[in-house]
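K.L.:
sequence and predicted structure below; questions after.
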Amino acid sequence: MSTIAETPPRGQAPRRMRIDGWRWGGRIFLVFMLLYTALPMAWMLITSIKSGFAAMQFPPQWWPDQPTLASYQKLLDPQNSVGQDFLRFFWNSLFVSTATTVLSVIVAVPAAYAFSRFTFPGRNFLFFTVLLRNMFPAVIFLVPLFILMRAIGLVNTHGSLVLTYLTFGLPLAIWLLKGFYDNIPVQLEQAARIDGATRFQAFILIVMPLSTPGIIATAIYSFIGAWNEYIYAYTFLSKNEQLTLPVGIQRFFSENTTDFPGLMAASFMMSVPVVVLFLVLQRYFVRALTEGAVKH
Amino acid sequence: MLRKIWEHRADYAYVLPAIAVMLVVIAYPIYYTIELSFFNTPPGLQLRDKTFIGFNNYTAILTSAVFWKVTWNTLIWTVGSTVISFVLGFAAALALHRDFFGRGVLRAILIIPWVISAVAASYIWKWIYHSDFGIIGAVLVGLGLADRPPNFIDSVSTVLPSLIVVNIWREFPFAMIMMMAGLQTVPEQLLRAAKVDGANAWQRFWHVTFPHLSNVSTVTILLLAVANFNSFIIPWIMTGGGPSNASHIWITHIYELAFGRQRWGVASAYSVLLFIILMTLGYFYVRALSGNDRKDGGA
């Protein structure tokens, strides 16, 4: 593991040989994992540029004879009924995910800060109640929530999804943010308070700027969670024009079961926003996830 | 006590929004689910016509063959997915720990399956497993390992393992991220000291690295176990629980009972049982987390 072992001269003492063996084992393993991870995604892309006919061949065409972007054009063409639906689903997903993200941050920031800094009676109990929510599957909440949403007139609205995703994402958001606040020295705020700032001012002027990475991370996390959510959207929405992408795609392709290039193209397009978001902000994303579990 | 609460009244303002949302969307559903589980409910959502039947829903569940079948599937699904995801993720984290050319890119690629939607993943793999035009079948036939493409997800014996492969594909990156972060906290001096004392690579891993990661490992395994126990999308989209219940796990089964067959009472009773199981897991989850906190407080 240390740096000394990194460049052992070839063919020396047996102990060094064994270290080399571990290293080669690691490399072979990584190649295997790379294939396991990347091949399905590559196959998705290759299939998406085939014609419907070319996809239905045995043995398959490893690379299409005539690559075509027809599936993508169809999905993105607002004149076409398929394109119309797809673009609407896309817009719906974007709206729901953005609204969820904004609200999550607004609600989670003060809560996480309180759990990190204050000691009030019932603090631990409340915190673990919040965390426990994470343990329960959507199914437990579906029937009662469906009835609740119907009672308050939110069935078939995006509001039902935003409200549910908010609670769905809050526990994790609070936990992640608390990890960040725990790692910001209290002394900074104390210094500000000695200089005459109120607790709230100290929070806004000192803690908020320092926790920006945590907030960005929490926001990405909420966004991706909402973007990919399926079961509530599947249950709460029935009107075609309101569906989000995961449900919309499923509805669409349960009617067109053989259009695999179209399905793969749609899967790809659905993945693009979250993958791009992840790649651009991966540093924050990875840090957020591990901040709570691993203390520095 | 009351005075103490009053003194801290401003503090509660910070958590109030979060707690309020939680109460509406969590406490009420839990109460309602428990109530419904003691009732016989008519199909449709005309739940006013429900009749009280005591524990009948529970006895009906525990004596049905499907229940045991589904429980067994859930066990295989949860344990299989969790253990293999953790081992693969941990191994990948170890292999990626040391810097080498292209490490950042490789790490990013390995994480992508975890980011993309499970619906997309399900469709990708459904196409890969396709019994006529699937790529795995074609490779097996091409290599002479099979006469004709196998029916991975249409056959009772292979469906569950095939779905577990998909699930692991999406989940090992999570274990990898957690363990990579954990590895960064292992003190380099300890490893060097162990090396000076003559410990080989395996001994250093087993006696220094691994014990140091016990907290992260526990949290990761628990989170994976809970996520797997609660999974729905992959089996639902890929097979819908079939063929002949071979890939039904608890959640898909409950969903089908409730929204497919509209047996709300039975589905609620299932949910309560699930709830009890999860509370047990939750107990360990909270203990692992608070263990972490304590350690942090002491440091």
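P.N.:
It's in.

K.L.:
where do the helices sit along the stretch 101-250 of chain A?
P.N.:
In the stretch 101-250 of chain A, the helices defined using DSSP state H, counting those that start in this stretch lie at A:123-132, A:138-151, A:158-182, A:186-194, A:199-202, A:208-210, A:212-228, A:231-236, A:245-255.

K.L.:
I'd like these as JSON lines, with mean neighbour count and distance to chain B appended.
P.N.:
For every residue, glycine as well, the C-beta is placed using N, CA and C. Conversion of these to JSON lines gives the following (neighbours: other Cβ atoms under 10 Å in any protein chain shown; distance: least, Cβ to the nearest Cβ, whole Å):
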{"stretch": "helix A:123-132", "mean neighbour count": "18", "distance to chain B": "5"}
{"stretch": "helix A:138-151", "mean neighbour count": "21", "distance to chain B": "4"}
{"stretch": "helix A:158-182", "mean neighbour count": "24", "distance to chain B": "4"}
{"stretch": "helix A:186-194", "mean neighbour count": "13", "distance to chain B": "13"}
{"stretch": "helix A:199-202", "mean neighbour count": "14", "distance to chain B": "8"}
{"stretch": "helix A:208-210", "mean neighbour count": "12", "distance to chain B": "13"}
{"stretch": "helix A:212-228", "mean neighbour count": "22", "distance to chain B": "4"}
{"stretch": "helix A:231-236", "mean neighbour count": "23", "distance to chain B": "6"}
{"stretch": "helix A:245-255", "mean neighbour count": "20", "distance to chain B": "4"}
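
K.L.:
could those go into TSV alongside mean pLDDT?
P.N.:
Shown next, in TSV, are the helices of the stretch 101-250 of chain A (pLDDT from 0 to 100):
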stretch	mean pLDDT
helix A:123-132	67
helix A:138-151	78
helix A:158-182	83
helix A:186-194	85
helix A:199-202	83
helix A:208-210	84
helix A:212-228	87
helix A:231-236	88
helix A:245-255	84
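
K.L.:
residue B:156 is nearest to which of these?
P.N.:
Closest to residue B:156 of the helices of the stretch 101-250 of chain A is helix A:245-255 (Cβ to Cβ; 22.9 Å).

K.L.:
how close does residue A:274 get to chain B?
P.N.:
Distance, residue A:274 to chain B, by Cβ to the nearest Cβ, to the nearest Å: 5 Å.

K.L.:
can you report how many residues lie near that residue?
P.N.:
Residues near residue A:274, counting by other Cβ atoms under 10 Å in any protein chain shown, number 21.

K.L.:
repeat that for residue A:81.
P.N.:
Using other Cβ under 10 Å: residue A:81 sits among 9 other residues.

K.L.:
same question, the one 3 residues further on
P.N.:
Counted by other Cβ under 10 Å, the residues lying close to residue A:84 total 13.

K.L.:
which non-adjacent residue is nearest it?
P.N.:
Using Cβ to Cβ, 6 or more residues apart in numbering or on different chains and skipping residues adjacent in sequence, the residue nearest residue A:84 is residue A:78, 5.9 Å away.

K.L.:
which helix or strand contains that neighbour?
P.N.:
For residue A:78, there is no helix or strand it lies in under DSSP states H and E.

K.L.:
residue A:282 contacts residue B:108, doesn't it?
P.N.:
Yes. The pair residue A:282 / residue B:108 is scored as a contact, 6.3 Å apart, by Cβ atoms under 8 Å.

K.L.:
would you turn the helices of the stretch 101-250 of chain A into a markdown table with distance to residue B:128?
P.N.:
Formatted as a markdown table, the helices of the stretch 101-250 of chain A follow (distance: least, Cβ to Cβ, whole Å):
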| stretch | distance to residue B:128 |
| --- | --- |
| helix A:123-132 | 36 |
| helix A:138-151 | 27 |
| helix A:158-182 | 30 |
| helix A:186-194 | 52 |
| helix A:199-202 | 54 |
| helix A:208-210 | 45 |
| helix A:212-228 | 20 |
| helix A:231-236 | 23 |
| helix A:245-255 | 16 |
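
K.L.:
between these, which gets nearest to residue A:86?
P.N.:
That would be helix A:245-255 among those, by Cβ to Cβ, at 7.3 Å.

K.L.:
quick one: contacts of that closest one?
P.N.:
With Cβ atoms under 8 Å, 6 or more residues apart in numbering or on different chains as the test, helix A:245-255 has contacts from A:82, A:85-86, A:88-90, A:92-93, A:227-230, A:233-234, A:237, A:240, A:243, A:259, A:262-263, A:266-267, A:270, B:117, B:119-120, B:123, B:237.

K.L.:
tell me the angle of it relative to helix A:212-228?
P.N.:
Computed by axes from the mean of the first three to the mean of the last three Cα atoms, to 10 degrees, the angle separating helix A:245-255 from helix A:212-228 equals 20 degrees.

K.L.:
circling back: of the helices of the stretch 101-250 of chain A, which is nearest residue B:222?
P.N.:
Using Cβ to Cβ, the nearest of those to residue B:222 is helix A:123-132, at 11.3 Å.
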